[in-house]
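# what's the 3D shape of this:
(chains A, B and C)
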Amino acid sequence: MQIFHRSTNALARFSIFGALFIIAFILWVIMMINRSPLVTRQGVVQAQPVPFSHEHHVRGLGIDCRYCHTSVESSAFAGIPPTSTCMNCHSQIWTNADMLEPVRASFRSGKPIVWTRIHNLPDFVRFDHSVHIHKGIGCASCHGEVDRMQLMYQAMPLTMEWCLSCHRAPEAHVRPRSKVFDMEWRSENRAEEGPRLVKEYNIRKKTDCSICHY
Amino acid sequence: MADPTMPHEEAAKPSRFDRAPTIEPGHTFASITDKISSIVLSRRTPFGWYVGFAISFAIVNVLLVSVGVLLLRGTGIWGINNRIAWGFAIINFVWWIGIGHAGTLISAILLLLKQEWRTSINRFAEAMTLFAVACAGIFPLLHVGRPYLAYWLVPYPNTMALWPQFRSPLVWDVFAVTTYATVSALFWFVGLIPDLATLRDRAKSRAFKMVYGILAMGWRGSASHWHRYETAYLLLAGLATPLVISVHTVVSFDFATSVIPGWHATFFPPYFVAGAIYAGFAMVLTLAIPLRKAFGVEDFITMRHLENMAKILLATGLIVGYAYIMEIFFAWYSGNPYEQYMIANRMQGPYRWFYWALIFCNIMTPQLLWFKRVRTSPVILFLVAMVVNVGMWLERFVIVITSLHRTYLPSSWGMYYPTMWDWGLFIGTIGLFLALIFLFVRFLPMISIFEMRTLLPEAEVHEEHQA
Amino acid sequence: MSMGNKRTHLDLAKFRGRLQKSGGREYWKSLEDLWEDPEFSALIGQEFPQQAMRSANGFDRRNFLKLMGASIALGGLAACSRPAGVIVPYVDKPEEIVPGRPLFFATAMAMGGFGSGVLVESHEGRPTKIEGNPDHPASLGATDAWGQASILSLYDPDRSQTVMRLGVISTWTEFQAALQPVLQRLRQQGGAGLRLLTETVTSPTLGAQIEAFLGNHPGAVWHQWEPDSLDNVREGSRLAFGTYTNTVYRFDQADVVVSLDSDFLSSGPGHVRYTRDFMTKRRVRSDRKEMNRLYAIHSTPSPTSSIADHRFAVRPSEVESIARELAAGLGLGASAAAGERAHWIGAIARDLQQHRGASIVIAGPEQPPAVHAIAHAINGALGNSGRTLIHTDSPEVGPVNQLASIRQLAADIDAGSVEALLIIGGNPVFTAPADLAFGERMNRVPFRVRLGDDYDETSLVSHWHLPQTHYLEMWSDVRAFDGTVSIVQPLIAPLYNGRSPHELMALLNDDANEPYEIVRSHWRRQAGAGFDQLWRESLHRGAIAGSPLPARALTAAMPPPPDSPAAASPALELVFRPDPTIRDGRFANNGWLQELPKPLTKITWDNPALLSPSTAAKLGLADGEMVRLHHRGVEIEIPVFRVPGHADDVVTLHYGNGRRRVGRVGEGTGFDVYPLRSSAAPWIDSGVRVEKLGRTHPIASTQLHQMLETSDYDRRSLVKSGTLAGYLKDPSLAPHHEEGAPVHHEQGIDEGPTLYPAWKYDGYAWAMAIDTNVCTGCNGCVIACQSENNIPIVGKEEVLNHREMHWLRIDHYYKGTPESPESFHQPLPCMHCENAPCEPVCPVEATSHSSEGLNEMTYNRCVGTRYCANNCPYKVRRFNFFDYSDYATESLKPMRNPDVTVRTRGVMEKCSYCVQRINQARRDSEREGRTIRDGEFTTACAAACPSEAIVFGDKNDPKSLVSRLRAEPAHYGLLVELNTQPRTTYLAALRNPNPEIEAE
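I've put the predicted structure just below:
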């Protein structure tokens, strides 16, 4: 007597055959998820205590990055402006805009504003702004065109492979030091300029682990 | 239910073998099938089975607890330290992998060498291999400090743009062991298919029919099936053969490629492979002798099998002994003070008892096997095999611990004292191994039915009447 | 559990014989190394089974957690997770702070009252690391282990945090309320009955405050007590010169130094400076081939005696007669040397004669005043005064005989004339001589106030415990060994509710000033017009220019010989010394110092009684065996430990351990020996009786886990050493081994046999050279490394299990006979091998080779197979078997070095050559478009080293110091025969023995 229906043959064949594809597909999905904003937070806008618009301040008012991020050229940490910096202007203008109440409150009370961190590398990763600036890596290369962001978000994946893509081939990203803080700048002829600047700025392809991890 | 000793016209025929037969006279296709399948299907499960399984399952729980505590607290619960960074985990890994060798050797190499006597033991030898490899596989995973990252040893495209370090023997291990596990599993399963079909057809309850049916994958025993089966089996055998050599060679590289006196030796690969086969056959004997008694299959696993295995045991034992002697010779001949001290320390140092015990177990004891009387006495054979099992574990202990505990700088010498968790994990895997064996003998034919039938004289002629 | 506690006794004669046979060129580290006896191995044999199964994990979890809490470094940045992303800027950023860049401030730390200048690294206002102050005479840029570890004491969660009244939390206001009526009443009687008890005071400001107070309260009395007191030194100077004077030595001027039981290189005021000076005369280079000579006449081996060219282990009581005989040899006094020691005393005398004005005879603070006086006399006679040493007024404020002082206090308490006792600092109840029973006496004082760091034994018997500020939290000032004044400035506002001694004195003086103003106003009064300039400069430099005390011309009188010359009694003698790591107990709750291997014994977490191997054999004692010491009607139980080179029939006791009340780390570690220390004989005593108890106590020594045949040591040739004479003959000191033995390969360090072309380093190639000739094993580097790299401590049980985490260890080898062995210290960081065996075996490339030749360890990539640790021939890798790093204790988080990742469980770690410093220097140089200059930065260990033994730099730069050292003939590499091509290499250790003595 027959225990199984004839169709089970087909079923068996398919499952044996399909197994491969199913496994392959699952792996592929996992890979995709690891690179998606879900994990990297790329392009995810996050709420801030004060809806600070880089677009307005940088593009609109043409304030230089270094006016607020004072230590970007001298320290690993670019620096988040102290409340006092905001108040330099906002004690004169928009003095009673509700939007800015948290800033005034902080200034009155001496309690700092707690911003949501956007570019948040793991603690075992060391990044030094000053040296990148010095080597002619533009703000926009890692932070995107900040001057077009109303609310700040992370423009790049900030994965290790992404960092390495530049550390392995800096000539594809380096720019003249004069253009580092320029958001629009595009190279006319990378092919010639890139290698030249790499030489000029003495950029060594630093891919030692201890460059970022120690 | 068939009675194995029921009269049959073929019984009178003299065996084809001039030596002791690989199957006692008086069997027919039917009687073989009945006898073996009945163990699984109809015969009452012996009380001993329940006892044995209960005990081994209890030990499995020791394993679970040890693993739980390990993951909770970290590798610090073991006796390892900064000076002896590897302990039981590696010892047991190598030990189990070694044991896992006999199965494939028997099924693959002996098959290719047309050694019919393998037939009645290959099935559970292969099973044993699988289970041993499973036990072995547990250790490399658990012994790392951050097991949840162990998958980094596998090459896969990742967001770190990093590959494993392909120069590291540990990465070779990953490939060697996984391949070995896969092939042995396939080999075992393919070999099972015809028997599963038999069980499917003979099973009474529908549930069993279903299960065996699914596993049998629609085997009907048609000529084309047999044809494909033969090809597949032969191919797998060909695939498995080099693996028998490669796996333990690669495992030996874990030590041979290092700079530690006592590890850094070129002859490790053959030494380890021989040791593995040695350990494997010892384990097969340890299992075969009680099993044939318990399930009364002495007429399938005959004296001839035991004796042949004993001979292999003796041969490989001698190879291993030779390796020990070479180790000492190298140390002396090299004039290297570190090597020489390593040997001296093994013989006289704090762990010397382990060394001498090892010599006793692996070199002295097997010499008994020169005597036919010993080779043909199951009880003594069993004891010898047991001693060898212990000896092979000791060998790994000596290699790992005594080499590490006194390396180059005396300022960094230390001692290794296993903790209860070390033992828990070790004994636990033994429990797992036994539990699996018990399940295997209860639910699958421990001896290949159809292959046994080919041993019968009429198999030669009546092949096409089968199924 | 350690191999230590099951050793049998040695048949000394036997291996002495063996040594003679083997020509005594062997190194051995433990006595068993000389042991080739079947009984012994049998012993180990039985030992193993007992050990074969040890309970769950070698330590009790409660203790372990306690330790975690107390002192494991850096964790805030949980190494492998993404913390909730917030970012908090300043509201108004201080001008000088650049976020992400540390600042350095100059201040000074006082030990035993004497200051040493330090620079404190501060990250966004958090002090994280102590460095030496190059501008301070007592430091010259170096620090000792205590200076380095003081940062941990600042953040110690067990530091006393609030005012306590009879053990109940109270407030300063309540204290003041309670204090006022008492003061009022006592003022009626002119302060009579009012007593101050302080430690040694050199702070001018505090001195002025105390004097002011005493001025207003003529009846009040100021007492001083410090367990490591310099009483003998003081009294000695008075004996010699008639007044208390201070002696400042100039070892950089001395060619011959005789130490009369003095450990001037590792303890006492100015020892860091003295080490630096001493080594300038000891360092041998191809362009400087002379070397000073040090004779150590000692009872207990010390770092100083360990590097001496001649060591004479004598009973402490003998030192005085030896000193007299030496003096006689120089024409002072008439006690001519007799017996077998006449020979070497004569030789020393002649050597001194030949080096008039270029020699120093220095006596140890344990030795009686007479010895010091004799030393002064000898120095005078040799015309050393003014040349190799100068005499100045004491830098102390009101130097007194502290023993007499506290005796007086005790007597007055008995007389009932003490109505209020104010204790400022110190812990007299624990440390005062036992026979004074200070605790009980104190209970009879009607009003007892105590200002201290910890709520400790003294606090328990005080009405009021007042929390004291750490030196990094307060304004103060302090004088150094030579009188140099430093302003002590706070790096951080008091973490807890502490106040400084100045504030307490101000309270007593009704001085309303802020502490800052108190110190300022004192100096304004001192400096007058130039004040602002002085203040600014001293804060900037960390030392007030011109403040060292002027030299005084004094002539020493030879003290009269004792009426009854001390008859050498057969009785066992006792020597009391401060613990080599936790001192008099003040650092008992400092985990770094508790786990710091003691210089020679490498013991952690314990203070066994030390005795010589032969004495131990005579008493039938083995390492770790518990004994009961009966002495002056008191008895204590303590384990013993054998130290080669220790004087026979002498027992050395280290006081400071066995604290009853201090904190989670210090309580119950070690054994309290103060009960045996009487005011009659606080340093040297005789007539102790040793009773064997038949129990053992596990002793966690990081370097005594092994035994080995001498011949094998000889062949391993791990340490390269020789005599100056030998060096002059053959600077490479290539050992002439018998056949088959490997010789040191000077070549082969940089290139070895290979099939592949050697890698070319076009940029930097970092390397470290360690001059073992000048290393005293003082441990400064070890703690510096621990502090810089956030290295956790693991606790005694884990040390017993060989799981200590120090990235830098100091291996120590003995050579010669167990009576008078030579010692060799070999600091061992990661070798950063060119062909590092650890690299190819890591399956995930967590350890790799950098383009500058560093052997990098990438924690976040490590899965923890520990293969690298196995394959490291130098065993410098450390594994986090448990979560050693403390993520819980809040107070420790600010201490951590933000530039070094904290390691989680299951991760390997090791010396990184302070790669964070390398990277910082590289970035700075590149920002300035230049290359890194030699000496621009250095590793934490090299920075701390008082003797400048460790040199770090770029070996690709031929002019760099490190490449010059690597070119030295005496340069060698460890285990280079393995072709590892280490980047860390060594210079041979030399001895400069007196041929006269060598001869016999």
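# What strand or helix carries residue B:322?
If you go by DSSP states H and E, residue B:322 is part of helix B:303-334.
# can you tell if that helix touches chain C?
No: judged by Cβ under 8 Å from any Cβ of the partner chain, helix B:303-334 makes no contact with chain C; its nearest approach is 9.9 Å. Where you see a C-beta, it was placed from the backbone N, CA and C, and this is true even at glycine.
# in the stretch 151-300 of chain C, what residue is nearest chain A?
Residue nearest to chain A within the stretch 151-300 of chain C: residue C:155 (19.8 Å; Cβ to the nearest Cβ).
# May I ask you to name the longest helix in chain A?
Identified as the longest helix of chain A according to DSSP state H is helix A:7-35.
# Please compute how far that one lies from its chain's middle.
In terms of Cα atoms, centre = their mean, to the nearest Å, the centre of helix A:7-35 is set 35 Å apart from its chain centre.
# Check stretch C:467-486 too.
In terms of Cα atoms, centre = their mean, the centre of stretch C:467-486 is set 19 Å apart from its chain centre.
# since we're on the spatially closest residue to the residue of the stretch 151-300 of chain C closest to chain A that is not a sequence neighbour, how many residues are nearby?
Excluding the flanking residues, the one nearest residue C:155 by Cβ to Cβ, 6 or more residues apart in numbering or on different chains is residue C:895, at 4.3 Å. Applying other Cβ atoms under 10 Å in any protein chain shown, we find 21 residues neighbouring residue C:895.
# is it true that residue C:895 touches residue C:122?
No: the criterion here is Cβ atoms under 8 Å, and residue C:895 misses it with residue C:122 at 11.5 Å.
# and for these two, which residues touch both?
Residues within reach of residue C:895 and of residue C:122 at once, by Cβ atoms under 8 Å, 6 or more residues apart in numbering or on different chains, are residue C:128.
# hmm, back to that, please tell me the pLDDT value assigned to the residue nearest to residue C:155.
Listed pLDDT for residue C:895 reads 92.
# count of neighbours near the residue nearest to residue C:955 when sequence neighbours are not counted?
Closest residue to residue C:955 apart from its sequence neighbours, by Cβ to Cβ, 6+ apart: residue C:767 at 3.9 Å. Residue C:767 has 25 neighbours, counted by other Cβ under 10 Å.
# contacting residues for residue C:767?
C:832, C:853, C:952-955, C:962-963, C:966, C:983-985 are the contacts of residue C:767 under Cβ under 8 Å, 6+ apart.
# returning to what we had before: what's downstream of the helix holding residue B:322, the next helix or strand?
helix B:337-348.
# the inter-axis angle of that following helix versus helix B:303-334?
In terms of direction (axes from the mean of the first three to the mean of the last three Cα atoms, to 10 degrees), helix B:337-348 departs from helix B:303-334 by 130 degrees.
# tell me the contacts of residue 174?
Assuming you mean chain A. A:135-137, A:194, A:197-198, A:201, A:203.
# you looked at the wrong chain, it should be chain B
B:153-154, C:843.
# a markdown table for those, including pLDDT, distance to chain A and secondary structure?
Formatted as a markdown table, the contacts of residue B:174 follow (pLDDT from 0 to 100; distance: Cβ to the nearest Cβ, whole Å; DSSP: H, G, I helix; E, B strand; the rest coil):
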| residue | pLDDT | distance to chain A | secondary structure |
| --- | --- | --- | --- |
| B:153 | 92 | 16 | helix |
| B:154 | 91 | 11 | coil |
| C:843 | 94 | 15 | coil |
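# Just the buried residues from the residues you listed, in PyMOL please.
Remark: buried members of those, expressed as a PyMOL selection using 16 or more other Cβ atoms under 10 Å in any protein chain shown:
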select buried, (chain B and resi 153) or (chain C and resi 843)
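# for the contacts of residue B:174, which one is nearest residue B:167?
Closest approach to residue B:167 among those (Cβ to Cβ): residue C:843, at 9.2 Å.
# need the contact list for that closest one.
B:152-153, B:164-165, B:168, B:170-171, B:174, C:863, C:865, C:867.
# Let's see that with 7 Å instead.
If a contact means Cβ atoms under 7 Å, 6 or more residues apart in numbering or on different chains, then residue C:843 has B:153, B:164-165, B:168, B:170-171, C:865 as its contacts.
# Out of the contacts of residue C:767, name the two that are farthest from one another.
C:832 and C:963 (15.2 Å).
# Comparing those two, which residue is more hemmed in?
A count of neighbours by other Cβ under 10 Å puts residue C:832 above the other of residue C:832 and residue C:963, at 26 against 19.
# Return, as residue ranges, the portions of the chain with sub-threshold pLDDT.
Unless you meant another one, I'm taking chain A. Within chain A, the segments meeting pLDDT under 70 span A:1-2.
# actually chain C
Looking at chain C by pLDDT under 70, you get C:1-84, C:563-568, C:704-715, C:734-748, C:750-752, C:999-1000.
# the longest strand in it is where?
For chain C, the strand that runs over the most residues, judged by DSSP state E, is strand C:684-696.
# From the rest of the structure, what touches the very next helix or strand once past that one?
Next helix or strand after strand C:684-696 toward the C-terminus (DSSP H and E): strand C:700-701. Outside strand C:700-701, the residues that touch it by Cβ under 7 Å, 6+ apart are C:2, C:4, C:601-606, C:796, C:799-800.
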